[in-house]
Structure formats: structure tokens, C-alpha cells
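Enquirer: Predicted coordinates and the sequence they were generated for:
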Amino acid sequence: MISRGIILVTFLGVSIPLFSQTHAVDSMRRLVATLSDPFAKMEQYYRIGANLYEVDFDKGALYADSAHSVALQLNRKDWLWKTFVLKALMIDDPGRRDEAIGFHEQGLKVVREIGFEEGIRIQLVNLGGMYQEKGDLNKALDYYRQARQTLTIDSTPKLKETRITLHKNIGQILKDKNQLEEAVKEYLEGVSLCKKYGTTRRLWGFYNDLANLYGRMGDQKAKIQYCREGLKIVPPNNVFITTLWNNLANGFMHLSQLDSAAWYYQKTLQHPKVSKPSQIAAYNGLAQVRNLEGKHQEAFDWATKALPLAIENEDPMEVVKTLTKLGRSLVGLKKYPEAIEVLMKAKDIIKENRNYSFLEEKSIIDFYLARAQLLEKGDEGTTELIDDFSKARDSLFNQNMANTIERYRIQYETRQKEDSLRILQNENVIHQLKNRQNRQLLSGMALITLLLAAILGLTWRNLRYARREKVFLADKYEELKLANENLLNKVTEAGSNGHSQQALREQTITLTNKEKTKLQLKEIIYLEAQGNAVIIHTPDAEYWDWQRLKHYKKLLPPSLFVQIHRSFIVNRHEVRGYTANRVIMKTGEELSLGGSFQQQVQAQLREESFA
């Protein structure tokens, strides 16, 4: 499936009704048949297509095309760019990725023509994500940097989050391009922004990225330091702590502190919420530790445990790493033909997955493959030369990297001082903008007063339009009559469903976590998306499940649960109230209300009586 971009869906303006998506689509289809206004039809075509997203891509594409055609006929560029985005969304075939990119680029051209800054930023970020997934890192980097140039003052949480995300994505691309020094700059800037904005949930990720980067650059002490900084933030019961433990173990292993490394890997495996990727990394880490200790049979056993998990997880990078550990163990066990077969299989996987960066694994595989082939022929002398060359190469690499790291540490301290000065300057600019906004508000109020006086003076002219008003009131009467009938239908439906609400709340769901936890629907306060996992909040505990949020959106009944943000689904019975951009839970927590969800949430939650 093609990636949908980073902030794409948030800005679609799609309102998902309270009832099911199928019911919503059927209702909107019937509504379209009664409409004569082209603009109203275009809106409904767009909403039907958006409701079919990830439900029926083929039908969704047809409605996206219909909305696009009407937007072209009406020359509504403010809607035309949205239809280009919707058309790109409906392309689910990775083989048509270039076609989806083409739609995004046409959407970017339109928003640039109308000067819509937010739309420009959205399209630049989406194009960066599409090219990054395609493997065209240069274009992805160019689009991300253009998106960052559109950001001026981070005046809203959305803009702050976007800036932090761009530093993360640009750093990842620079790391994949092996521009490690530039990647360090991006990640350190991300750390500064997280501290500045108080975004601790993103901070540990930057610490983890820096740890990986410094480890790759040969500074294992810096890697351990950043891992420990991350461990200060992540709670012990949080599944992400295992990622930091694995990285910490890797740092100790490269410093030849093998007992400490093995201890942290074992600690990861003992964590009750350990994820499959962390399990794989811990098994491979223990295999590498045992190989360094010369315990090749134990290393082989650990790598054997990792291999089926890596294959099941469909992660080519981890499969290659595991095969590398197996090959190294077999060389140590002097099973050279088997080692050659395993290492050649790893090389084949690398060739099949050119979008992944296998720089370190390629070097290790080539080394042990050459060693196994020479030892199979009985050539001991050449293998000693290979060992000497490898040690010399690594010592030179580490020395160069050490000098680079020291230079960047000095630059980072200087930048921290510059950041403090920039913060003060930004606060002054924000203060000036608030004063200007207050002045504009006062001017607006004065203008409204004058307009009201003018309207009162011209009221007598309305008598000329009495006939037109009579027609208008007749139309309004028909609309109110239709609305009253719809309301009566909803009341009747609510009455018939009322008896089943209590039974519905008593129903249980089974999580897909390791413990197969069962929860009653009434126990769930809200669900929160965290990367590839979902946190299920209850009065007594938090449960982690390695599923996407959309899995639970389909699973949970819409009469009890409502999505308020791309990261949150809440229990309607646990909501105390809401504001323009917050939903307040009975527990006192305040959750973000996404802009594209405001209309549906307000429509659904108006029916609740809040304590």
C-alpha cells in the first residue's frame, strides 16, 4: 500500500458521520440525486469519495474523479487542489506511485496559484513523503526543505508539530544518504525544539536517533549517553523502553563490555510488553555478544530464534542482520559451506530490496563470506591479512569520526546559546502580533457598529423585496419541515436502540497483545495512537496493542466511540465537555480535537449531557 503522507488526511476536511461509513455513503448518494446545484453536488461527491478511503478504493476513485470534473467546470481552485489530493489517496497500487505523485504535484501547482500557504506546506510535506518512500532521497529532501521554508513563527501546536516532524524526516534522509554530520545537526535541532515546546513524547525518539547515529559514527560513549537521556523520559512500563535498552546494550558491546550488553538484552526479553522488533533486536544482539565471546553455538541458537520472527515481521533489514549473525556463527563453528549459503542468501535479499540502506551489513557479509570461502579452501594466511586490514580500517574510521564528533559538540553548544537569544526575539514578535491583533479587533468592532447603523437606516428598503422574502420563507418552511422529519426519524431510531445500549457497553473485545487481554467496552476511556501501536486507556491501567488506530475504528461501535483526532478515539460516555480545539474527559485529561473532526464531534457530542 502506498504511504498517505505525514499530515495529508488531517487537512482533507472530511466529516465522518456518527453512523457507519456504508450508511453514510448510501445517505449521501441519495442526497446527490436530489441536488441541482453543481457546487453542492461537488461537495457531496468529494465527501462520498473521502468516506470510501481505505474501504473501496475503486469506487472512491470514481467519486474523486466526479468531484474533480465539477471543480474544473466551476473553476473552483480552492476545491480543485483537494480533489487532486483525493485522487492520489485512491491509488492503492505501489506500481502506480508515480501517478499518485503526479496528482500531488498538480495539487501543489494549484495551491501556489491561489496563494494558499497552508495548502502549499501540506503538499510539499506529502510529496517529500512520497519520494522518500519511492527511494528518491534527493527529491524528498528538496520538498521537505521547501516545506520548512514556509514555516515562520510556530504559533499553533500543529505548526510546532510539523516543524519537529520535518527535522526528524530530514535527519532520516541525511542518515540514509550517509551524510552523518548533517543528520546530527537536524536531530540536535529537533531536541532543542522538543525542549522548547515541552514535547517530551517526541524527545526520547530524537535521543534514540542520536544514539544510533553516534554509534554508527563510532562514538559509543556518546551513544550510551543519549540512551540514558532517553531512559530518563520513558516510563519503565512503556514498551518503547526496550528500544533504548537494546541500543544501550549495543553501545556496551562495542566498548567490549559484554556482560553489561548481555544484561540489557536479557532485560529487553523479560519485559512484559516487549514488541516483536525489540525481541528480534535482542536475540540478534545476544548472538553477536556470544560470537565476540567465542561461544559460537550459543550465538547460532540465539540467531535461530530471531530468524522466524524477522521473516514473520516482513522486515528485510532484520532478516539480513539475522542471516549475518547466523553466517558468522557458522564460520566460527567451521561449517563453511553452510555459512556461505546463508551469507549468499543475505546478499540476494539486499539486491531485492534496494530501497533499504545496508551499508554496514554489506561490509560484514563481504568480510565473513570471503573468510568462509578462503577457509573452505584451507587458506589460513589470507584470512589473517583480512583481519589485519579490517582492524586498521576500523581504527582509522573511528579516529576520523571522533574528531568530527568533537567539532559538532562545540557547534551544538554555540547553537544552544543562539537558540536562547532566538526564543527571546520570537517572544517579542509574538507580543507585537498580539497587540496588533487586539487593535484590529477593536477596529473590526467599530466597523460592525457602523454597519449595523447603516442596516437600520436602510430597513425601509426591504419592503420592496417582500415578494422575494415570501418565496424565501416558503423555501425555508420546506427545509425546516424536512429537518423536523429527519429529527423525528433520529428520535425514533434512538428509542429503538436505547434498550441495546447497555448490552452493547457490556460487550468485550480481545486485544492482540501477548496476554490476549479482554476488556469490556465500558472500561475503555479512550484510545491513543503511538506510531505502529495503540494505547488503550482504562481507569486501572494502560494496555498496548500493536495495531493501527484504524483497526479499532472499524472494530468499535460508532454509537459508543467517536474519533476526535487522527491519534484519538474516545468513549462518548467518558466525555465531560469540549471546546473549539479540546475534548475534556471525565478523568480531567484534555485531548486535542482535530480541525477536520470538529464538525462531526460537535454534531455527535451535542446529543450528550455532560456532568
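Expert: Done, it's in.
Enquirer: Flag every buried residue along the strand or helix carrying Lys160.
Expert: If you go by DSSP states H and E, Lys160 is part of helix 157-176. Using 16 or more other C-beta atoms under 10 Å as the test for burial, helix 157-176 gives 158-176. Bear in mind the C-beta positions are built from the backbone N, C-alpha and C, glycine included.
Enquirer: do the same with stretch 586-597
Expert: Those would be Leu591, Ser592, Leu593, Gly594, Ser596, Phe597, for stretch 586-597 by 16+ other C-beta under 10 Å.
Enquirer: As JSON lines, those with distance to Trp544, pLDDT and secondary structure would be great.
Expert: Output for the buried residues of stretch 586-597, formatted as JSON lines (distance: C-beta to C-beta, whole Å; pLDDT from 0 to 100; DSSP: H, G, I helix; E, B strand; the rest coil):
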{"residue": "Leu591", "distance to Trp544": "18", "pLDDT": "91", "secondary structure": "strand"}
{"residue": "Ser592", "distance to Trp544": "20", "pLDDT": "90", "secondary structure": "strand"}
{"residue": "Leu593", "distance to Trp544": "24", "pLDDT": "90", "secondary structure": "coil"}
{"residue": "Gly594", "distance to Trp544": "23", "pLDDT": "88", "secondary structure": "coil"}
{"residue": "Ser596", "distance to Trp544": "27", "pLDDT": "85", "secondary structure": "helix"}
{"residue": "Phe597", "distance to Trp544": "24", "pLDDT": "86", "secondary structure": "helix"}
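Enquirer: What is the most widely separated pair among those residues?
Expert: Greatest spatial distance among these (C-beta to C-beta): Leu591 and Ser596, at 15.1 Å.
Enquirer: Give me the mean pLDDT for the helix or strand where Gln288 lies.
Expert: Assigning secondary structure by DSSP H and E places Gln288 in helix 276-292. For helix 276-292, mean pLDDT is 92.
Enquirer: Repeat that for stretch 323-339.
Expert: 89.
Enquirer: Return the alpha-carbon coordinates of it using PDB.
Expert: Taking Å, rounded to 0.1, in the frame of the first residue of the first chain, the C-alpha atoms of stretch 323-339 are listed here in PDB:
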ATOM      1  CA  LEU A 323      21.300 -14.100   8.500                       C
ATOM      2  CA  THR A 324      24.600 -12.200   9.000                       C
ATOM      3  CA  LYS A 325      24.700 -13.400  12.700                       C
ATOM      4  CA  LEU A 326      24.000 -17.000  11.600                       C
ATOM      5  CA  GLY A 327      26.700 -16.900   8.900                       C
ATOM      6  CA  ARG A 328      29.200 -15.500  11.400                       C
ATOM      7  CA  SER A 329      28.300 -18.200  13.900                       C
ATOM      8  CA  LEU A 330      28.700 -21.000  11.300                       C
ATOM      9  CA  VAL A 331      32.100 -19.600  10.300                       C
ATOM     10  CA  GLY A 332      33.100 -19.800  14.000                       C
ATOM     11  CA  LEU A 333      31.800 -23.400  14.100                       C
ATOM     12  CA  LYS A 334      33.800 -24.200  10.900                       C
ATOM     13  CA  LYS A 335      30.700 -25.100   8.900                       C
ATOM     14  CA  TYR A 336      31.900 -23.200   5.900                       C
ATOM     15  CA  PRO A 337      29.600 -24.400   3.200                       C
ATOM     16  CA  GLU A 338      26.500 -23.700   5.400                       C
ATOM     17  CA  ALA A 339      28.000 -20.200   6.200                       C
END
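Enquirer: Give me the residues contacting it.
Expert: 284, 287-288, 290-291, 294, 296-297, 299-300, 302-304, 306-307, 340, 342-343, 345-346, 349, 361, 364-365, 368-369, 371-373, 375-376 (C-beta atoms under 8 Å, 6 or more residues apart in numbering).
Enquirer: returning to what we had before: next secondary structure element downstream of the helix holding Lys160?
Expert: With DSSP H and E, the next secondary element past helix 157-176 is helix 180-197.
Enquirer: For Ala529, give me the backbone phi and psi.
Expert: Ala529 adopts backbone torsions of phi -80, psi 130, taken as degrees, to the nearest 10.
Enquirer: I'd like the numbering to begin with 45 instead of 1 from here.
Expert: Okay, using 45 as the starting number, the last item reads as Ala573.
Enquirer: and the residue nearest to Val278 when sequence neighbours are not counted, what is it in contact with?
Expert: Leaving aside its chain neighbours, Val278 sits nearest to Ile285 (4.7 Å; criterion: C-beta to C-beta, 6 or more residues apart in numbering). When contacts are counted by C-beta under 8 Å, 6+ apart, Ile285 touches Leu275, Val278, Pro279, His315.
Enquirer: Who are the contact partners of the nearest residue to the first one once chain neighbours are set aside?
Expert: If the residues on either side of it in the chain are set aside, Leu275 comes closest to Leu288, at 5.3 Å by C-beta to C-beta, 6+ apart. Contacts for Leu288 were tallied using C-beta under 8 Å, 6+ apart; they are Trp248, Tyr251, Asn252, Ala255, Cys271, Gly274, Leu275, Val278.
Enquirer: Leu288 belongs to a helix, doesn't it?
Expert: Yes - Leu288 sits within a helix when classified using DSSP: H, G, I helix; E, B strand; the rest coil.
Enquirer: Asn574: neighbour count?
Expert: Actually, residue 574 is Gln. It isn't Asn. Gln574 sits with 14 neighbouring residues when counted by other C-beta atoms under 10 Å.
Enquirer: now stretch 264-280, how far from the centre of its chain.
Expert: 23 Å (C-alpha atoms, centre = their mean, to the nearest Å).
Enquirer: So which residues make contact with that stretch?
Expert: With C-beta under 8 Å, 6+ apart as the criterion, stretch 264-280 contacts 244, 247-248, 251-252, 254-256, 258-259, 284-285, 288, 291-292, 294-296, 298-299, 449.
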